[in-house]
Every structure is written in structure tokens, then in C-alpha cells.
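*Asks:* Provided below are the primary sequence and the corresponding predicted coordinates.
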Amino acid sequence: MGNLCVLGEYPLLHEIFITGIDAAVFTFQNRCEKTIWPAIQPNGGQPLLMEGGLELKAQESINITAPQGWSGRIWARNGCTFNDNGEGACTTGDCGNGLYCNGAGGEPPASLAEFTLDGPLDFYDVSLVDGFNVPISIFPYDDTGVCRSIRCDADLNKNCPYNLQVRGDGGEIVACKSGCTAFRSPEYCCTGQFQNPDVCKPTNYSQYFKNACPTSYSYAFDDPTSTYTCRDANYLITFC
């Protein structure tokens, strides 16, 4: 495994390890000004990490070890309120009205970090196909130092097109839908007669995401510029 960078500027670091062979370490780092609630959804047949959810205060970090072969997605929830039993809801990225998602997916729009740890070659991407709620970036730590970082650290909520905006109770923009999430039509979702990369092309809405985050998935057939590989690495996932 590669060496995980020691992040001295973020001293609040917790470590959670799950037994596995040749595992990868995910470091979640909250660079936001407020608390967020990261969520984890494994793909079918994969183990659940951290019961699918946790709380991460501003400037706090946590290490989570995933076993070899793990695949799934990671995102941030914000504006959450939970009671002592972990019951409640979030403004964005909600996953079944609880602190622990327990395998449930997040309600779009939400910015996603996606991984397939095939070992020795990993596949990873940042996806805005379901829209955007919080900046999210992936930084691999491998022995060679050649693996590509995926930075999506711009706040796409600020200039989100009007008909893609999701507003909170106070009227502020809290998330930005994708064209597919907003309109549910084949030309934006690449479904039906558009389920072909030769037919389903970028739109003005997907280009808004792509221009801000060029290395991220902006629509369903954005593979050539959005999926990356790394060998035997650990991964820093930053929010904001």
C-alpha cells in the first residue's frame, strides 16, 4: 500500500479500521465551515462501512479502511438534525431519514466520490451526474506519486442556473440539480433512444458542471475525461 500523508493542519483525526486483505485507507476531511455528515453506500454484495454514515465537524478528519475489492460511493450531507436515536433528516443528500444510511443511497442532488478497489488497480471518479451539493475532491496517495487527483472544489451553488436550483428554508441555494434530475427527460438522462454515446451529448446544463470541475463526470457518457485509475493507493477525500 502507498503511504498516507500526515495532515498536520487537521489534528482532529480518528481512525476506524475494518479487517481486510490489502485494504485501502479512505481519509475523510471536512474543510467546510460547518459540520457535515458523510455517507457511504456500498455496491451490491460489498460490506457496509461505518453503518453508512457519520458526523464530521469542521476541520475534522477520519480514517476508514475498506477491504480489497470494495466498491461504492461517498457523499456529504448537510443541514442535518438527528435525535439521540439517530433519527432525523438532512437538507441535502438525505438517505432514509437517519444518521446511519445502512446501505441506502442519497437523495439527489449530491456530489459523489465513487470507487472500485479491484486490486491492484483501483478505479475512481467524482460524479456530478446526480447534481451538486458540496465541493468534493479525491487525492490518491501511492508509492509513485503519479496518480491523478480529481479536484471539484468550486462552489457550483453560487451560479447554479435558475431552473436547477434547490433552495433551503431560508431561501439560500443549497444544491444544484443536474439536467437529468431536474427534467427527467431522455436527452438529459441518456435513456431510451438517447441511451448511446453517439446520440447523448453534453448539454448546456452538463457543461456548467464540466467547466467548473473538468475532471468530474458531468453526464452519463462522460467516461473518457472522468474515470481514473491508480495502483495500490490510499485516498484523501476532501469536502469543501
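*Replies:* Yep, that arrived. Residues are numbered from 1 along each chain as shown.
*Asks:* middle-most residue in this protein, spatially?
*Replies:* L112 (2.3 Å; Cα atoms, centre = their mean).
*Asks:* which non-adjacent residue is nearest that residue?
*Replies:* S127 (4.3 Å; Cβ to Cβ, 6 or more residues apart in numbering). Where C-beta positions appear, they are placed from N, C-alpha and C, glycine not excepted.
*Asks:* tell me how far the one you found lies from K158.
*Replies:* Distance from S127 to K158, counting by Cβ to Cβ, to the nearest Å: 20 Å.
*Asks:* so for the two, which sits in the more crowded spot?
*Replies:* S127 (26 against 9; other Cβ atoms under 10 Å).
*Asks:* for the more buried one, give me its contacts.
*Replies:* By Cβ atoms under 8 Å, 6 or more residues apart in numbering, the residues touching S127 are 73, 111-114, 216-217, 226.
*Asks:* same question for S218.
*Replies:* 128-129, 202, 206-207, 209-210, 226.
*Asks:* switch the cut-off to 6 Å
*Replies:* 128, 206, 209-210 (Cβ atoms under 6 Å, 6 or more residues apart in numbering).
*Asks:* go on, N43?
*Replies:* Going by Cβ under 6 Å, 6+ apart, the list of residues near N43 reads 71-72.
*Asks:* for it, give me the pLDDT.
*Replies:* Looking at N43, its pLDDT is 96.
*Asks:* just checking, next helix/strand downstream of the longest helix along the chain?
*Replies:* Assignment by DSSP state H gives helix 204-212 as the longest helix of the chain. Counting by DSSP states H and E, the element after helix 204-212 in chain order, helix or strand, is strand 228-231.
*Asks:* counting contacts, what elements does that next one pack onto?
*Replies:* strand 121-127 (3 or more Cβ pairs under 6 Å, 6 or more residues apart in numbering; DSSP states H and E).
*Asks:* now the strand it packs on against helix 204-212, angle please.
*Replies:* Interaxial angle of strand 121-127 relative to helix 204-212 (axes from the mean of the first three to the mean of the last three Cα atoms, to 10 degrees): 120 degrees.
*Asks:* now do the buried residues in strand 121-127.
*Replies:* Of the residues in strand 121-127, 122, 124-127 count as buried by neighbour count, 16 or more other Cβ atoms under 10 Å.
*Asks:* and what of stretch 207-227?
*Replies:* 208-210, 212-213, 215-222, 226-227.
*Asks:* out of those residues, flag the one nearest to D153.
*Replies:* Taking Cβ to Cβ as the measure, D153 lies nearest C213 of those, at 8.2 Å.
*Asks:* just give the closest residue to that closest one, not the sequence neighbours.
*Replies:* C152 (3.7 Å).
*Asks:* got the contact list for that neighbour?
*Replies:* 126, 135-137, 213, 216.
*Asks:* repeat the analysis, applying 8 Å as the threshold.
*Replies:* 111, 126, 128, 135-137, 212-213, 215-216.
*Asks:* for those residues, please prepare CSV with the additional fields pLDDT and distance to E51.
*Replies:* As requested, these are arranged in CSV below (pLDDT from 0 to 100; distance: Cβ to Cβ, whole Å):
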residue, pLDDT, distance to E51
S111, 98, 21
V126, 97, 24
L128, 97, 26
P135, 98, 25
I136, 98, 21
S137, 98, 25
A212, 96, 33
C213, 96, 29
T215, 95, 30
S216, 95, 27
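*Asks:* in the protein, where is pLDDT below threshold?
*Replies:* In the prediction, the chain carries residues with pLDDT under 70 at positions 1-22, 143-145.
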